[in-house]
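J.: quick one: sequence and predicted model below, then my questions.
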Amino acid sequence: MTCFSHVVVLDFEATCDAGPRLQPQEIIEFPSVLLSLQTLQVVDEFERFVRPIHHPQLTEFCRSLTAIQQQDVDAAAMFADVFAQHQAWLAMHGLSERNAVIATCGDWDLGTMLPAQCRAAQPPIASVAPIYQRWHNLKRSFCAVTGRQKPLGMSGMLRVLQLELSGHHHRGIDDCRNLAVLCRELVNRGANIGITKERASQ
């Protein structure tokens, strides 16, 4: 059982290259799928591209990996605006840290990428709402349900649970849709979608 009514499945895509990691990395896609934990139905989706400012030209590797094109980010808003839009989307659905939890595939999205993006934004994001400060790592519930010791990536978890991978892997909104299917299956198998990690408030 869970104390939350909804789960917000989130999977950022960020600037990247085949060689050394870009410094700083920046979010270029901010997607979410909203899943009701009462009905296990998808309630809504949120997807925005984000314009990077430190490395505005996407690498060929990044475009191929994510299927995000240069024109997508060139026409996009800055991170601060997109982040505000996401918070407004949550508020529109009446969601906060009291009744919803963000679910991610690992701890990178909210543990590493969001803090780095907030520091890299111009101007930097001074504070982050509590809902973004703790999350549910779907790899943890996958291991609990399957009895596996070693976590797998999204495609591996779907394969083990005999769920189809749809869309373009590493396109954020497609990954969110796949992770929502995974989350639903884990709940059906008895997973508790609670908080698995918290970070200190900014």
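T.: Arrived safely. Numbers count the residues shown, from 1 in each chain.
J.: report the contact partners of residue 199.
T.: With contact taken as Cβ atoms under 8 Å, 6 or more residues apart in numbering, residue 199 is in contact with 110-111, 115, 133-134. All C-beta atoms are positioned from the backbone trio N, CA, C, and that covers glycine.
J.: repeat that for 6 Å
T.: The contact partners of residue 199, by Cβ atoms under 6 Å, 6 or more residues apart in numbering, come to residue 133.
J.: ok, longest helix in this protein?
T.: Assignment by DSSP state H gives helix 172-188 as the longest helix of the chain.
J.: which parts of that one are buried?
T.: For helix 172-188, a neighbour-count test (16 or more other Cβ atoms under 10 Å) marks 172-187 as buried.
J.: ok, stretch 36-48 next?
T.: 37, 42, 46, 48.
J.: can you list the neighbours in contact with that stretch?
T.: Outside stretch 36-48, the residues that touch it by Cβ under 6 Å, 6+ apart are 2, 4-7, 30-35, 82, 89, 173, 184.
J.: the same query, at a cut-off of 8 Å, please.
T.: For stretch 36-48, with Cβ under 8 Å, 6+ apart as the criterion, the contacting residues are 2, 4-7, 29-35, 76-77, 82, 85-86, 89, 93, 172-173, 176-177, 180, 184, 187-188, 193.
J.: out of those, list just those in strands.
T.: With DSSP state E as the criterion, strands contain 6-7, 29-35 from among these.
J.: packing partners of the strand or helix carrying residue 156?
T.: Per DSSP states H and E, residue 156 falls inside helix 154-160. The elements that helix 154-160 packs onto, with contact taken as 3 or more Cβ pairs under 8 Å, 6 or more residues apart in numbering; DSSP states H and E, are helix 138-146, helix 172-188.
J.: now render those helices as a markdown table, adding mean pLDDT.
T.: Output for those, formatted as a markdown table (pLDDT from 0 to 100):
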| stretch | mean pLDDT |
| --- | --- |
| helix 138-146 | 97 |
| helix 172-188 | 98 |
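J.: next, format those as a markdown table and append distance to residue 57.
T.: Converted to a markdown table, the helices and strands packed on helix 154-160 look like this (distance: least, Cβ to Cβ, whole Å):
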| stretch | distance to residue 57 |
| --- | --- |
| helix 138-146 | 33 |
| helix 172-188 | 19 |
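J.: emit the ChimeraX select command for whichever of the contacts of stretch 36-48 are buried.
T.: Buried residues among the contacts of stretch 36-48 (16+ other Cβ under 10 Å), as a ChimeraX selection:
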select :2,4,6,7,29,30,31,32,33,34,35,76,82,86,89,172,173,176,177,180,184,187,193
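J.: check which element follows the longest helix of the chain along the chain.
T.: Next helix or strand after helix 172-188 toward the C-terminus (DSSP H and E): strand 197-198.
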